[in-house]
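Student: Here is a sequence together with a model predicted from it:
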Amino acid sequence: MTDFVTPQKMAEMIPSGCKLGLAPDDYAAAPGLVRMLIDRRIRDLHVVCAPIGGMQVDMLIGAGAVATLETSAVSLGEAGGAPCFSRAVRDGSIRLRDATCPAVFAGLTAAEKGVPFMPIRGIIGSDVLEKRDDWKVTSNPFDDSEKIVVVSAIQPDIALFHAPEADRFGNVRLGRRREVMLLAHASKKAFVTVERISDVSLLEDEKMAAGVLPAIYVSAVAQLKNGGWPTGLYAEYPRDGQEVEKYARAARSPEGFQTYIQGSRSAA
Amino acid sequence: MTDFVTPQKMAEMIPSGCKLGLAPDDYAAAPGLVRMLIDRRIRDLHVVCAPIGGMQVDMLIGAGAVATLETSAVSLGEAGGAPCFSRAVRDGSIRLRDATCPAVFAGLTAAEKGVPFMPIRGIIGSDVLEKRDDWKVTSNPFDDSEKIVVVSAIQPDIALFHAPEADRFGNVRLGRRREVMLLAHASKKAFVTVERISDVSLLEDEKMAAGVLPAIYVSAVAQLKNGGWPTGLYAEYPRDGQEVEKYARAARSPEGFQTYIQGSRSAA
Amino acid sequence: MSEACTSRELMIYTISRLLKGVRHVAVGQSSPMPAAGAMLLRALNERDGRERVQVSILGSVKHNSFTGGAEELFDCAAQGRLDAFFLGGGQIDGQGNVNLVGTGDYPNNPVRWPGSFGSAYLYFLVPRVILFREEHSLRSLVERVDFVSAPGVTDETVYRRGGPHALLTNAALFSFEREAGRFRLQSTHRGYDWRDIRATTGFAYDNEQCEATTPMPDETTLALIRGRIREELRECYPQFAGNMPGPG
Amino acid sequence: MSEACTSRELMIYTISRLLKGVRHVAVGQSSPMPAAGAMLLRALNERDGRERVQVSILGSVKHNSFTGGAEELFDCAAQGRLDAFFLGGGQIDGQGNVNLVGTGDYPNNPVRWPGSFGSAYLYFLVPRVILFREEHSLRSLVERVDFVSAPGVTDETVYRRGGPHALLTNAALFSFEREAGRFRLQSTHRGYDWRDIRATTGFAYDNEQCEATTPMPDETTLALIRGRIREELRECYPQFAGNMPGPG
């Protein structure tokens, strides 16, 4: 059920125009794979950040690959704001769907549970709500006096992320990063790059199984060593802060961004 | 935050009249602890089976401890129907809230997420729905032409279950029995009996952490070796089918039930 | 020459036929024959080099592809990742309604069964639901169930992509015609003819005078049931497996 | 005699004071000082034998009591198991509204910040939300935010048990009066008086002529910040920790 492919092949399997779900920075799409998407000039993506985006998202925006961005935030962490994102906001070159983290999770949970919507507390009075036509204020069906928000289901076509390990059956270890599990459950397909591929089933050890995404959700796996560089991989290796800083400085101008992308290609 | 107590003390900490959430048979309240509850003549329980009940629930019903039973099923598995349950249904001595498994999970998920209700597909046309005043048919707020069921949140006062292992900090390993995690998240308190207590934190091993219920949810832990006997403990030891059969035969009459409870006390 | 195919073995084999083409089948609690049928399809496909079948047995440690707890089965069904499931039923009626709760009036049913389990949900979301009831009698196959745990058909205001696919008993096999909301007799098992079925079925159905006989497993398939499948069943159904014919 | 207490150290200490009594405090992404303040309370309580404080740092492996992914923080807050959280804000106004999105008109804000994160939710559900903004200026503390990421007050048709508790900057500490929906000046930090605060705060607030000075940490507390807390910060905030005073 799971195809084992090269990173290049995986990049080719992601079509322009699709709804692409990305995990947070330290589990997000491998930056090297993102560079392959940029190289093949992918366009018109609807990117869903689950629930926030980092350097990967900024790179995709900088390369003109993103039509719609649904996110609770885009940030380079200690390296500051995301320059291509800020520029695209000013230019109006991307369609923005600002969100708040738990509403993204609620939308993904709706897709995971196969329901068209989910209720969520809070949010009323926030301008975030005003700007979303796929969120509504309704009343609690069991108490008319309480107003409550409902958000639509979010079902990405493809969830793309980088994880420590898969096995040769297609199971993928995510550990306690359950939001990545949620993203995979909610999406039609999951494409995963991994540091290593185990010959032994990851489901064999009952103590570990709880943190494993079963192969039934995993459409493709590609091995990509150190694939989390430079944004890091949770519980495996830290981010390369200097490299992210270098990116942040370069991307302050469109020209600097282009130079960074071209110059760093060989390093990927 | 987590109290470490004796099983006797834990049984005393569960008051008559509370809403008690129980996991399925092979992770359910330790039958030995249930016997302690019966010994102290606990009464008026509102038992929530998450989502089905077994011998433990049948014993509580047989002992007259249950006022309301909310469940998708009560069964002794290979040993057949639950005799005290069937008798109580006929007598009308318990208030029944029949459910269907995913609706119980939806109600617990609502409590976990702090929302008053959850939508759920299916169910419309089932008589189960007709009998529940805490479920409603509403329309999809994003598509008026679709009818959909909403169920109220289910928040037990106490979740009670038996698990393989806790650590001395109060973290409890549940492995992939995520529905037990859901039950604990949804409940105000979790009381857990365990086979063993580890000196090393169960969160230390990142590979295992995904299957660990953090101590913030765990109000009390009691060690009770072989506490799952005779209903078994998932991935640890199987049920004692002969003993459950013995119970099933004995409990066919109220007298037989009394004899079983009294006779087997010493074995517990 | 080995012992002749038993009634249960015929049902297990028939289940494997009804599952042909599925990628993922799940089996609920207390369902040894459906579990065996699903395992048999998996084994036959492996033997013949056909597509891999994912079998998820609830309550099993070994035959369990889920890692998210019992709710994952229901989520998986809602996501469209589950192709087939089984439902039993104390009563099943001619519109495909299933009663897992009890006879007579609710709530104080004179005969009470365990309860509805996940039926009221999975029946809507799993494309191929196979109704399985060993007992073929006027008591189990009724004109109208006393309590609808899960309805066979639904109007278009309700989301539904699943429903009854077939009804298998120890005497016959029916298919379900969703448009008509009726069963159709497909075949009778060895030892039964259409008159037996008519006399012991409480509801109306199509193709009453069906002459087809339910196909029997060949020798190698029977050997697979008595060998590998029986072993695989032992984990969750030790008593059932122990009562099956087989070596040792 | 060690180096004098820096402005950041005073803020870290003040945060630990604002957290007094909490059982569980969580800290979001990119929040080194709130993380340090929470860690300091934990360390002080340990030292003094007071109640154990659970500190959950988002993005940390070591200081993380969650096992259910990033959504667990939000679920935990909704369940009432989280007592305190921090929010920043490019702009904060006198009604406690927070803007994490940008200045000017949405969506093409001339200055765009990262986004609202979980603010629009946690502000409703966490009893003690501490607003933290280093920069104390007419630019950051405004009469009315340009975009409401999360509102400070809410009418009674909406469920709300949380909201603003205090506002801490590099110059002063305010408390928030929920009934009135206004801030109240509590104290000014060393080097600032009430006139400085009035001149650099864009919104109206109570107790304008406040004469109280924000208490400073004692030597042993300062040593704790420069030792254990600095070390604990290194995992998630290596740059920030590297810039703090401390041994080596």
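Tutor: Cool, got the structure.

Student: And the pLDDT for A:Leu45?
Tutor: If you check A:Leu45, the pLDDT there is 98.

Student: what sits against it?
Tutor: A:Ser16, A:Gly17, A:Cys18, A:Lys19, A:Leu20, A:Leu60, A:Ala65, A:Val66, A:Ala67, A:Thr68 (Cβ atoms under 8 Å, 6 or more residues apart in numbering or on different chains). C-beta: built from backbone N, CA, C; applies to glycine.

Student: The second one contacts A:Arg43, doesn't it?
Tutor: Yes. With contact defined as Cβ atoms under 8 Å, A:Gly17 reaches A:Arg43; the gap is 7.3 Å.

Student: Overlap in contacts, these two.
Tutor: Overlap of the contact sets of A:Gly17 and A:Arg43 (by Cβ under 8 Å, 6+ apart) consists of A:Ala67.

Student: lowest confidence element among the helices and strands of chain C?
Tutor: helix C:238-243 (a mean of 90; mean pLDDT, DSSP states H and E).

Student: Report the buried residues of that one.
Tutor: Neighbour counts over helix C:238-243 (16 or more other Cβ atoms under 10 Å in any protein chain shown) mark C:Phe240, C:Ala241 as buried.

Student: elements contacting that helix?
Tutor: helix C:230-233 (3 or more Cβ pairs under 8 Å, 6 or more residues apart in numbering or on different chains; DSSP states H and E).

Student: Would you indicate which residues of the helix it packs on are buried?
Tutor: Neighbour counts over helix C:230-233 (16+ other Cβ under 10 Å) mark C:Arg230, C:Glu232, C:Leu233 as buried.

Student: Stretch C:222-236 too?
Tutor: Neighbour-count burial for stretch C:222-236 [16+ other Cβ under 10 Å]: C:Leu222, C:Leu224, C:Ile225, C:Arg226, C:Arg228, C:Ile229, C:Arg230, C:Glu232, C:Leu233, C:Glu235, C:Cys236.

Student: Of the residues you listed, which is the nearest to chain A?
Tutor: Proximity to chain A was ranked across the buried residues of stretch C:222-236 by Cβ to the nearest Cβ; first place goes to C:Glu235, at 13.6 Å.

Student: how about the closest one, what does it touch?
Tutor: C:Ser60, C:Val61, C:Lys62, C:His63.

Student: now the residues you listed as CSV including secondary structure?
Tutor: Shown next, in CSV, are the contacts of C:Glu235 (DSSP: H, G, I helix; E, B strand; the rest coil):
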residue, secondary structure
C:Ser60, coil
C:Val61, coil
C:Lys62, coil
C:His63, coil
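
Student: Tell me the predicted confidence for C:His63.
Tutor: At C:His63, the predicted lDDT confidence score is 84.

Student: Same check on A:Met55?
Tutor: On the pLDDT scale, A:Met55 gets 97.

Student: which stretches of the stretch 151-268 of chain A form helices?
Tutor: Applying DSSP state H, counting those that start in this stretch to the stretch 151-268 of chain A gives helices spanning A:178-186, A:206-209, A:241-250, A:254-263.

Student: what's the most buried one of these?
Tutor: Among the helices of the stretch 151-268 of chain A, helix A:178-186 has the highest mean neighbour count (mean count of other Cβ atoms under 10 Å in any protein chain shown), at a mean of 27.

Student: ok, for whichever residue of chain C sits closest to chain D, nearest residue in space, not its chain neighbours?
Tutor: With Cβ to the nearest Cβ as the measure, C:Gly68 is the residue of chain C nearest to chain D, at 11.0 Å. Nearest residue to C:Gly68, sequence neighbours excluded (Cβ to Cβ, 6 or more residues apart in numbering or on different chains): B:Arg178, at 4.8 Å.

Student: Might you report the residue contacts of that neighbour?
Tutor: A:Ala210, C:Thr67, C:Gly68, C:Gly69, C:Ala70, C:Glu71, C:Glu72.

Student: A:Ser93 now?
Tutor: A:Gly64.

Student: That one in helix, strand or coil?
Tutor: A:Ser93 is classified as coil under three-state DSSP.

Student: where does the chain have low pLDDT?
Tutor: In the absence of a named chain, this looks at chain A. Counting by pLDDT under 70, chain A shows low-confidence ranges at A:264-268.

Student: meant chain C actually
Tutor: Using pLDDT under 70, chain C drops low at C:1-2, C:248.

Student: Do you have the strands of it handy? List them.
Tutor: Ranges of strands in chain C, per DSSP state E, are C:24-27, C:54-57, C:84-87, C:91-93, C:98-99, C:102-103, C:111-112, C:128-132, C:141-142, C:164-168, C:172-177, C:182-188.
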